[in-house]
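*Asks:* pasted the sequence and its predicted model underneath.
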Amino acid sequence: MFGLSKYDGQLQNCLIAMEIKVAIMKIVVIGGTGLIGSKLVTKLREHGHEGIPASPNSGVNTLTGEGLAEVLKGASVVVDVSNSPSFEDAAVLKFFETSTRNLLKYGGEAGVKHLVALSVVGTDQMAESGYFRAKIAQEKLIKKSSIPYSIVHATQFFEFLTKLADIGFDGAKVRLPGVLFQPMAADDVASAVARVAVGQPINGTVEVGGPEQFRLDELVRLRLAQVNDPREVIADPNALYSGAKIGDRTLVPGKDARLGETRFETWLKQSAGQNPQTGKKAAAVIN
Ligand SMILES: NC(=O)c1ccc[n+]([C@@H]2O[C@H](COP(=O)([O-])OP(=O)(O)OC[C@H]3O[C@@H](n4cnc5c(N)ncnc54)[C@H](OP(=O)(O)O)[C@@H]3O)[C@@H](O)[C@H]2O)c1
């Protein structure tokens, strides 16, 4: 090394090694095989971190506790981007309550320094919905635990638009509340969660959203047109969202939200080759 004695060189190597040790974190991603989770693991690894996907597929089940102690060993951060396999009211509540309790228990025992959880913008205003009661319960448990935490509230994902159509489909038409809507690309959600995961715990909630505002019915109509789905989309002021009556601004984030970069038109072009499932009437629960 230029201008350094042998001793200085050894010292410098040692400092670099220490720096690397401090910078590289083991980050366990619960739900790391899902839409957001898989993108998140990739991004964390691209930035040199040890991103570990954890889900029933890899032998980790937060509902039963199976595999949690092992996977959390040596982890600095745990990120929860899991979702319940069933959206039925009692099942989803049991999923988020039991999973979160287990995560906090095993995370505490493993000495995890930061717990990050992904939730939804407007959650607190949608307690009429079984799904959102479960997300509220998840957040409450995290907030009162002793592990430092950050909760990320994201708006709906662009990838979720056709599912929204299925959910609003009454057999003849797709009925949705015509409220303000600011969705974002799943890729941008994953980037936002990654940024929070490698930062200091905020012990609070940060909001993330898309770069543009639309009306909910308008965007679902555009997406259906793109995938040649002939169903008519109606803005119905009486339509519920996941079983909850919502206001014009319930689904949009506040002014301090961090905004994703991907515009809807850009995402639409990128997703043109994809073939989403359409046409089925889904269970009346959405997130
Ligand atoms: N949809 C939206 O527009 C939206 C908007 C804002 C926030 N969110 C939130 O984003 C989060 C992630 O959503 P997503 O669409 O990425 O989910 P997803 O694709 O449905 O993935 C769910 C993940 O949860 C895992 N999982 C299921 N049961 C589990 C268990 N018992 N233990 C551990 N992991 C389990 C699954 O693992 P396997 O693959 O092994 O089954 C999978 O990896 C949710 O919490 C949701 O509330 C969604």
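*Replies:* Here it is on my side, so go on.

*Asks:* from now on I want contacts and neighbour counts done on CA atoms only, so please keep to that.
*Replies:* OK.

*Asks:* give me the mean pLDDT for stretch 216-228.
*Replies:* When pLDDT is averaged over stretch 216-228, the result is 96.

*Asks:* how distant is that stretch from the center of its chain?
*Replies:* 23 Å (C-alpha atoms, centre = their mean, to the nearest Å).

*Asks:* buried sites along it?
*Replies:* Neighbour counts over stretch 216-228 (16 or more other C-alpha atoms under 10 Å) mark 216, 217, 218, 219, 220, 221, 222, 223, 224, 227 as buried.

*Asks:* briefly note if the helix or strand harbouring the second one comes near the ligand.
*Replies:* Spelled out, it's residue 217. Per DSSP states H and E, residue 217 falls inside helix 216-226. No: using C-alpha under 6 Å from any ligand atom, helix 216-226 stays clear of the ligand, coming no nearer than 12.3 Å.

*Asks:* which helix or strand lies directly C-terminal to that helix?
*Replies:* Beyond helix 216-226 on the C-terminal side, the first helix or strand identified by DSSP H and E is strand 233-235.

*Asks:* note down every partner strand of that following strand and its orientation.
*Replies:* Here strand 233-235 is paired, per DSSP bridges, with strand 174-176 (parallel).

*Asks:* which strands or helices does the helix or strand following the strand it pairs with pack on?
*Replies:* As assigned by DSSP H and E, the chain's next helix or strand after strand 174-176 is strand 180-181. Using 3 or more C-alpha pairs under 8 Å, 6 or more residues apart in numbering; DSSP states H and E, the elements in contact with strand 180-181 are strand 214-215.

*Asks:* what's in contact with the strand it packs on?
*Replies:* 178, 179, 180, 181, 182 (C-alpha atoms under 8 Å, 6 or more residues apart in numbering).

*Asks:* and if we set it to 6 Å?
*Replies:* Here strand 214-215 makes contact (C-alpha atoms under 6 Å, 6 or more residues apart in numbering) with 178, 179, 180, 181.

*Asks:* show me what the longest helix that the chain contains is packed up against.
*Replies:* In the chain, with assignment by DSSP state H, the single longest helix is helix 89-110. Contacts defined by 3 or more C-alpha pairs under 6 Å, 6 or more residues apart in numbering; DSSP states H and E place helix 89-110 against helix 130-144.

*Asks:* how about the helix it packs on and the ligand, touching?
*Replies:* No: on the criterion C-alpha under 6 Å from any ligand atom, helix 130-144 is out of touch with the ligand, staying 7.0 Å away.

*Asks:* with that, I have no additional questions.
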